[in-house]
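Asker: Build me a model from this:
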Amino acid sequence: MSATEYLPMVFCLLLLGGLFLAIARMGAAGTLRRNGLVGVRTTATMQSDAAWYAAHKAIAPTLRACAWAQFAGAALVLALGLMANNSAVIPVGLAFLFLPTIAMVVAAMTRGASAANDAHRAWEQDQQTSPIHH
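Answerer: Model prediction:
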């Protein structure tokens, strides 16, 4: 196989890494708004902004690491693809595509959900003790 046949995998790694990095930056900065498409979407995060922002701040470091792993994977796939008759390109590319994505999902389910639940409970308590209910 020629190196150009591996370019779609390189593109996917770069695209997914860029998406993870953008979400990490927006989550850490508190600029990622609640939505139904991107981010940690649990019952708690969808009910309060406090939970949403807490979840995304909690997972931002993991997302950043996953993004950089995918960028490194893209470079490695490209380098291996330039070598003649290298059979490791596809397994390496798939590993760098799936493993960081799985790590991101696990972090979202654990760290993100825990931070969101804590923030949501605090928000609910604040709503109950507030003299003005919305």
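Asker: Which strands and helices lie in contact with the least confident helix or strand in the chain by mean pLDDT?
Answerer: Ranked by mean pLDDT, DSSP states H and E, the weakest helix or strand in the chain is helix 89-107, scoring a mean of 85. In terms of contact count using 3 or more CB pairs under 8 Å, 6 or more residues apart in numbering; DSSP states H and E, helix 89-107 is assigned the packing partners helix 7-29, helix 49-82. Heads up, the C-betas are built off the backbone N, CA and C, glycines and all.
Asker: Please identify the buried residues of that helix?
Answerer: The neighbour-count check on helix 89-107 (16 or more other CB atoms under 10 Å) flags 89, 90, 92, 93, 96, 97, 100, 104, 107 as buried.
Asker: now the helices and strands packed on helix 89-107 as a markdown table including mean pLDDT, mean neighbour count and distance to residue 35?
Answerer: Shown next, in a markdown table, are the helices and strands packed on helix 89-107 (pLDDT from 0 to 100; neighbours: other CB atoms under 10 Å; distance: least, CB to CB, whole Å):
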| stretch | mean pLDDT | mean neighbour count | distance to residue 35 |
| --- | --- | --- | --- |
| helix 7-29 | 94 | 18 | 11 |
| helix 49-82 | 92 | 21 | 9 |
